[in-house]
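Visitor: with the sequence up front, the predicted model follows.
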Amino acid sequence: MAALYEGYTLCGLVPAQNLSNSGIQGIEVERDTDHVVVTDSTRSVTLYKVSDQKPLGSWTVKQEQTLTCPVVYNSQTKEYVAVSDNKVVRIWKEDDILLDKAFRATVSSNVWRVHTVVEGEPIVVFQKGAVRLLDSLLSAPQQNIEEVFSQDEAIRWSTYILAETQQFVICATELKGDHFLYLQRLNPNSLQRYRLEREEPGLSPLSFSASYRDKQICLLYLYPNGHVYQSVVSVRGLGAGDGVQAVPLPRSLVLSLPVGEGMLETASALVLDEAHVAFVGVPHPSAGTGKDFLCIWNTNFQTLQAGKEMAGKIYGQLWSFSSKLFIPHGKTLSVIPYECPKSSLASALGKLKQARAEESRSPASVPSWNNILHGEKAQPSRAMETRKTRTTRKTTSAPCLSTDQVLELIKTAPVEEVQKETEGLLSRADIQDLQTSVGQLTSALVSRSLAEPSFYTPSTLAQLVRTQSLCHSVCPDLVLLALEKKDYFLCQLCLQFFPDIPDAVTCACLRAFISMPDIDAEKVSLEPDSVAFMEMLMSKDHGQVGVQNGFSPTSLQKDCSVLSEGDAVIKTSEEDPVKTSSPPEQICPVGLHKAVLLNEVLQTAYSENFLLPHLKDLSSQHVILFLRYLQFLYLKYSQDAFPQMHGLRSPSLVEIMDWVCLLLDAHFTVLVMTPEAKGLLLNLHRFVKSQVRLFSELGKIEGSLQEINQMKGNKDIRQYSIEIIELF
Amino acid sequence: MGEFKVHRVRFFDYMPSAIRAMAFNSRSERLALARADGAVEVFNFSDNYYQEKVVPGQDGRAVEALCWVGQRLFSAGLNGEITEYDLENLRPKYTMDAYGGPIWTISSNTQGTLLAVGCEDGTVKIFEMLETGIQFQRNLDRQKGRVISLSWHPSGSLIAAGMMDMIRIFDAETGHATHRLLVEKGLGTSNSREVVVWGVVFLSDNTIISGDSAGKVQIWDGLTGTLLHTHLITKWDVLALAVSQDETSLIAGTSEGTVVQFQFLSSTMGQQDKDWVRTRTFKNHSHDVRALVHTDTAVVSGGMDTQLVVRPLLDKVDKNTQESSLRKITFPHKSLVCCAKKAGMLLFQFPDHLEVWRLGDSDGNGKPGDTLPVNRKPEKLIQLNRKGEEHICCSALSPCGGWLAYSTVSSVRLYRLQHDNNNISINKVSKLPKILHSAHQLCFSSDSSKLFASSTNSSVIILSLNQSECKYLHTLKPKSDSRQPIHLLFPSEDGKWLATANTDCEVHVYNLNKLKLHCTVPVYSSCPTAIAIHPTSSNLVTVHADQQMFEYSLVQKEYTDWSRKLQKQGLHPLWLQRDTPITHVTFNPKNPAHIILHDTFMFCIVDQTLPLPEAKAMFHNQMMLRSLPEAERIGQSHAFKICKTFQHLLCVRLLEDHSVVVVERPLLDIQSQLPAPVRQKKFAT
């Protein structure tokens, strides 16, 4: 899980009167990540040592002048570069005290930003889109600066990206409500112009964040309606365009943030790593509508990883240097360390699947999210790919419906049509492609079913679950819906294929299964494999084959007699029938299908701590029944040759024992007070005894086997032997 | 070279006795060592720690302390007697009751004129040394409580006595106690338990050092009687103390089996004020260290675990020399096993009984490395318990298996053994000649017709045997006037020669036909540890404690060419570095060029036809030769063929059927018979 740590104040702010801006123009990293240069919105610039929270130096321009872009540090020459009044470039060193005496040069066009380049010359971006290296600009300050943008086009944002050896400057512009993105490559120069797809009318992106990974430039932008889009531009395919023609930029929605009331006003998004994005100025989903939060979201799993409320007004500004976030809020600039470890589905959901014996047997049902969502390895150029598929889909799949269309269909169409179309879509498409749409389809189906009691598509849902692309967190209501609809087959499938069913839901399933009448259960059609296993187990009801696992019925009887002899008080009339009536524990206390369903519950992953409180909700009658069933399973397992050998899906002996322990833990006091549970408890006690005996015997065997191993090493020389030796 | 069928025998339950006391004579470099069974052994430290002499023990004579006075050796024990030993005849010379109850300690003054013993009744008794014995002089003031340890001040005027809970200092002139040093009880022990001062050392600067049962080593000022320092070195007892001759180093032995060294050092360099500082800890014993000797170069320790350990102090010896290696002496240097090679029988000698075993048999054949199935198991034919209190000092079984003889310090017994398949009878030969009253070494001739017994003054008594009687034939006497006992006897196969060796390093060869001395081998500086005469060439092979080997032609009365070549080239360094002596030499009748020798850790066949190994050549080359093809072996092999398969060897013999008998006594078997050591807390137990 990503985490935000306790922050500290770097400096105070002097925000504008109406709190419209923070008073900070920009923060740039200086010689190392512990030193930053903070440029305020008017005249001064200050150098801070972050870890010491103290200023090391400060410079100010004259009264009537203003700094118009953030000061940057040229690490090569160890000089600071500032631009005042849009046109005057100033350069000075740390030991220069007065800026007026420093070097300055006036250029012929308005400068927008100066970007630092690691181990390179700073790059100057002009307001009209031209880009110059600083030294070439200063060699002839009055040189002519071309205009790249059209007349009314205004630059909104720019950044510099180093993609291996190539340098890029990315600018975002606005022209009459349209937004464009310019990707300028330096050396050799080339320019590509993209048009951003329009969001709802009147909405322009609030913030951009660009990052480079795997030969692609990833651009992330946030709209006031909370939509976060990502566009991926391959670095390789660049240079073909002449820059004039605006190519539409494909985008994908990575997140849809809750915005609360109204639109976002001052918010910002910042890419932290390939899976994590930091947002400021967005509401926390579980904390009302206040927008003054700093949050880290995982875009892969669309989960909120960490959140922190910031005191005072948020200005929508956010910087990040070496796992520290710099955020101006209220009247302070805070530094907040963060951590984004590699995430897995399990950790994102807060539960790691229990290691299970048969994990190797069943194919991994957890789809690799990294590969699916960011299948960079499988798809070298995702941007190209999506464009291609989109076009092909447009041309070829005219008679059939696309995913989006099916999604639309699900919202309104009658059951039969929905079934037909969805199944059609599933049969057409490659499952790998559908990975994301399966989730969308399922959640659409589930939400419709929940809203409309008459609408239910069991076969479609079953088919969707069987794709093994689903998990519980994608469609959290599916299992409960299935329970509500008494669709036990779907329940079984979910229990089988979902790796992440919460313990509460598992328990709800258990309660439903155990309380359902056997007659109902027999009507349900279930997975044939598991049914076959149970049939086999039950058919052997009376065929006792050999002694397994150190437990034999005779020893059980012996124990029983020892126990009853030794403890006459326990030997009540109540126990006698249990003992005498041709062992009742040999007969399965539940019906076949019920047993199959219970087996599924036994095989789900759970964590004891979370499960226990839910288990307590079971009634004592149900607990006794379940325990009887577990006892039956245990006896069967102890007698027969390992049932798991048959290769059918079946609970392991360990799982059975764990559940027995869990149930006893949860209900022990109740069971002790319940008279009809007494025999059962005594039997279970004997299980424990036989297990303890088994393990102690195993320990002994282990000891002797080790001894054998040692004996093999040194030849056993006895008191007398006759040997042949040879000397050479 | 060839295959050998080896009878690997491990049923000789030899159990050495615990070491009880030691005394070192620095003039002659002899260490006297007393064991719990009363036996006293003398080791020659100047001759590779060779065990020269063994005075057998006696029931009821437990030696508690040993003391050299000049060349005379005294012991005292809990039977209340003082014993002086006759080291020429390997027997007690006389014993004398001190009339003070059990004696715990014995100590002589540096001048060697007085002997003090500490008695159970609280007296310190002073004896005067006389030419022929000792004479009671007087008692020092009698104290309450037993006297456990004694130490003379080097001037001879004061005696420190370690007692229960205290140390007393006596004026040797007046006999009055001058100081009483109270030794406090250990922490956590009950007040009722007394502290035993097991050891006390009186230094020339009037410092007294004591070791006690509370685990303390304490340093006292003997003039004022004040305690200067206490070093707690063990949770158990400090049982022994010893100080080096220059009084700069002190060692203390504990019940844990450790030996702790203290040195008299100044705490800062260059300053004069010196202190006793604990410096090193040696752990070479598993059980109590009961006896300690501090020689100039080494710490010598012995105790319950029966091993004598010589631990060189590496600051006193040159590194990587023979002297700098740790030595553990576990087994006696003379053979306790006698093999009747014609009958395939073994005689095991224990202090109190003899065992005769018949070896097993196997008719199977196998390839090298195989263990053959045993058809007939080995069988204990006879267990013969000795008569009287004196322990057996030597024994012999005739090659035919028909005669058995053993000797104690006062009597020799001869038995006739008769065994047809299943019946065995043993008859004592009743009338032995009077002259044969004791023997240091017994030996039968190869045709079992004669018995040789080494007697006083290096003489050998020859007895002839027939059917059931024994007649005195002759006494062989060397021309030299050595009074040392003969420790090795070897009659030649053809009955013509008899070779003897005594601890004066003299080797005499007698002509048995003429019954007179044939020749005396030039005396070598190191004591012979094994001698043998070649059955056909009549060359005498002698092996010495310093691992040198000589071959002497009895016909030419000179060293053979091979021997000269060997001496000229020198033995291989690895041969010389072995730390146990060769205890037996024999020959291979199948190949007259083969000499078979063994020590505790290997047996070796020396092939005189092969070139001797160069100093740089690989000495233990059996593994290498095995890996070579047959044709290349000859070029690579050298004269010494060493087999280390069998360890802790007590005996290697060649039987008449050319099979080899090895008698092993694994150390583990000995350790398993020791009592449990003191419990020590180990981590995580």
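Guide: Nice, I can see it.

Visitor: care to break chain B down by domain?
Guide: Following automatic domain parsing, chain B resolves into domains at B:19-242, B:243-329, B:337-672.

Visitor: to chain A, which of the ones you listed lies closest?
Guide: Comparison of the domains of chain B against chain A by Cβ to the nearest Cβ identifies domain B:337-672 as nearest, at 3.6 Å. (C-beta placed from N, C-alpha, C; glycine too.)

Visitor: any part of the closest one near chain A?
Guide: Yes - part of domain B:337-672 sits close enough to chain A to count as contact by Cβ under 8 Å from any Cβ of the partner chain, namely B:360, B:362, B:366-372, B:374, B:377-378, B:605, B:622, B:625-626, B:633, B:637, B:641, B:643, B:645, B:659.

Visitor: okay, and the beta partners of residue 277?
Guide: With no chain named, the answer covers chain A. When bridges are called by DSSP bridges, residue A:277 pairs up with residue A:271, residue A:297.

Visitor: hmm, I had chain B in mind actually
Guide: Note on residue B:277: beta-bridge partners residue B:263, judged by DSSP bridges.

Visitor: now do the buried residues in the lengthiest helix in chain B.
Guide: Among the elements of chain B assigned as helix by DSSP state H, the one spanning the most residues is helix B:561-569. Across helix B:561-569, burial judged by 16 or more other Cβ atoms under 10 Å in any protein chain shown covers B:562-563, B:566.

Visitor: and it, average pLDDT?
Guide: Along helix B:561-569, the predicted confidence averages to a pLDDT of 92.

Visitor: which strands or helices does it pack on?
Guide: strand B:549-553 (3 or more Cβ pairs under 8 Å, 6 or more residues apart in numbering or on different chains; DSSP states H and E).

Visitor: okay, the spatially most central residue of chain A and residue A:4: tell me how far apart.
Guide: Residue closest to the average C-alpha location in chain A (Cα atoms, centre = their mean): residue A:301, at 3.4 Å. Using Cβ to Cβ, to the nearest Å, we find residue A:301 at a distance of 18 Å from residue A:4.

Visitor: swap in residue B:460?
Guide: When Cβ to Cβ is applied, the distance between residue B:460 and residue A:4 equals 103 Å.

Visitor: okay, those two: which has more neighbours?
Guide: A side-by-side neighbour count of residue B:460 and residue A:4, using other Cβ atoms under 10 Å in any protein chain shown, places residue B:460 first with 23 against 18.

Visitor: list the beta-bridge partners for that one.
Guide: On DSSP bridges, the residues paired with residue B:460 through beta bridges are residue B:454, residue B:476.

Visitor: still on that earlier bit, go through the residues of domain B:337-672 next to chain A and flag which are in helices.
Guide: Using DSSP H, the residues of domain B:337-672 next to chain A in helices are B:622, B:625-626, B:633.

Visitor: export these to TSV and tack on pLDDT?
Guide: Conversion of those to TSV gives the following (pLDDT from 0 to 100):
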residue	pLDDT
B:622	84
B:625	85
B:626	82
B:633	83
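
Visitor: now a ChimeraX select for only the buried ones of those.
Guide: Listed next is the ChimeraX selection for buried residues among these, using 16+ other Cβ under 10 Å:
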select /B:622,625,633
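
Visitor: for the ones in helices among the residues of domain B:337-672 next to chain A, which one is nearest residue A:276?
Guide: residue B:626 (68.1 Å; Cβ to Cβ).

Visitor: the closest one: what's it in contact with?
Guide: A:726, A:728 (Cβ atoms under 8 Å, 6 or more residues apart in numbering or on different chains).

Visitor: and residue A:706, its phi and psi?
Guide: Residue A:706 has phi and psi values of phi -60, psi -40 when expressed as degrees, to the nearest 10.

Visitor: count the neighbours of it for me.
Guide: Based on other Cβ under 10 Å, the number of other residues close to residue A:706 is 10.

Visitor: same question for residue A:138.
Guide: There are 18 residues near residue A:138, going by other Cβ under 10 Å.

Visitor: helices or strands up against the helix or strand it falls within?
Guide: Element membership of residue A:138 [criterion: DSSP states H and E] is helix A:134-139. Based on contacts counted as 3+ Cβ pairs under 8 Å, 6+ apart, the elements that helix A:134-139 packs against are strand A:88-93, strand A:123-126.

Visitor: show me which residues of the first one are buried.
Guide: Spelled out, it's strand A:88-93. Judged by neighbour count using 16+ other Cβ under 10 Å, the buried positions of strand A:88-93 are A:88-92.

Visitor: farthest pair in those residues?
Guide: Pairwise distances among the buried residues of strand A:88-93 were taken by Cβ to Cβ; the largest, 12.6 Å, belongs to A:88 and A:92.

Visitor: contacts only, for residue B:464.
Guide: For residue B:464, the contact set (Cβ under 8 Å, 6+ apart) comprises B:449-451, B:470-471, B:473.

Visitor: any chance of the residues you listed in JSON lines, plus neighbour count, pLDDT and secondary structure?
Guide: Formatted as JSON lines, the entries for the contacts of residue B:464 read as follows, by neighbours: other Cβ atoms under 10 Å in any protein chain shown; pLDDT from 0 to 100; DSSP: H, G, I helix; E, B strand; the rest coil:
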{"residue": "B:449", "neighbour count": "15", "pLDDT": "91", "secondary structure": "coil"}
{"residue": "B:450", "neighbour count": "21", "pLDDT": "91", "secondary structure": "strand"}
{"residue": "B:451", "neighbour count": "27", "pLDDT": "92", "secondary structure": "strand"}
{"residue": "B:470", "neighbour count": "22", "pLDDT": "86", "secondary structure": "strand"}
{"residue": "B:471", "neighbour count": "12", "pLDDT": "89", "secondary structure": "strand"}
{"residue": "B:473", "neighbour count": "16", "pLDDT": "90", "secondary structure": "strand"}
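
Visitor: tell me how many other residues crowd residue 185.
Guide: Using chain A here. Under the criterion other Cβ under 10 Å, the count of neighbours that residue A:185 has is 18.

Visitor: my question was about chain B
Guide: Residues near residue B:185, counting by other Cβ under 10 Å, number 18.

Visitor: wait, isn't it in contact with residue B:196?
Guide: No - using Cβ atoms under 8 Å, residue B:185 is not in contact with residue B:196; the gap is 10.9 Å.

Visitor: for residue A:421, helix, strand, or coil?
Guide: Secondary structure for residue A:421, judged by DSSP: H, G, I helix; E, B strand; the rest coil, is helix.

Visitor: please report how far it lies from residue B:638.
Guide: Separation of residue A:421 from residue B:638 (Cβ to Cβ): 96 Å.

Visitor: where does chain B dip in pLDDT?
Guide: Low-confidence segments of chain B, defined by pLDDT under 70, span residues B:1, B:186-191, B:269-270, B:680-685.

Visitor: now do the stretch 201-350 of chain A
Guide: Within the stretch 201-350 of chain A, the stretches with pLDDT under 70 are A:237-244, A:288-289, A:342-350.

Visitor: repeat that with 80
Guide: Under the criterion of pLDDT under 80, the regions of the stretch 201-350 of chain A flagged as low confidence span A:201-202, A:214-215, A:235-246, A:258-262, A:285-291, A:300-302, A:340-350.

Visitor: show me where it has strands.
Guide: Secondary structure of the stretch 201-350 of chain A, counting by DSSP state E, counting those that start in this stretch: strands at A:207-213, A:216-222, A:227-234, A:246-249, A:252-256, A:268-271, A:276-282, A:293-298, A:303-309, A:319-320, A:324-329, A:332-339.

Visitor: looking at those, which is buried most?
Guide: Relative to the other members of the strands of the stretch 201-350 of chain A, strand A:276-282 carries the highest mean neighbour count by mean count of other Cβ atoms under 10 Å in any protein chain shown, namely a mean of 26.

Visitor: run the angle between that one and strand A:207-213 for me.
Guide: Computed with axes from the mean of the first three to the mean of the last three Cα atoms, to 10 degrees, the direction of strand A:276-282 lies at 170 degrees from that of strand A:207-213.

Visitor: residue B:184: how many residues sit nearby?
Guide: With neighbours defined by other Cβ under 10 Å, the count for residue B:184 comes to 13.

Visitor: check whether it really touches residue B:197, as I assumed.
Guide: No - the pair residue B:184 and residue B:197 fails to qualify as a contact (Cβ under 8 Å) at a distance of 11.5 Å.
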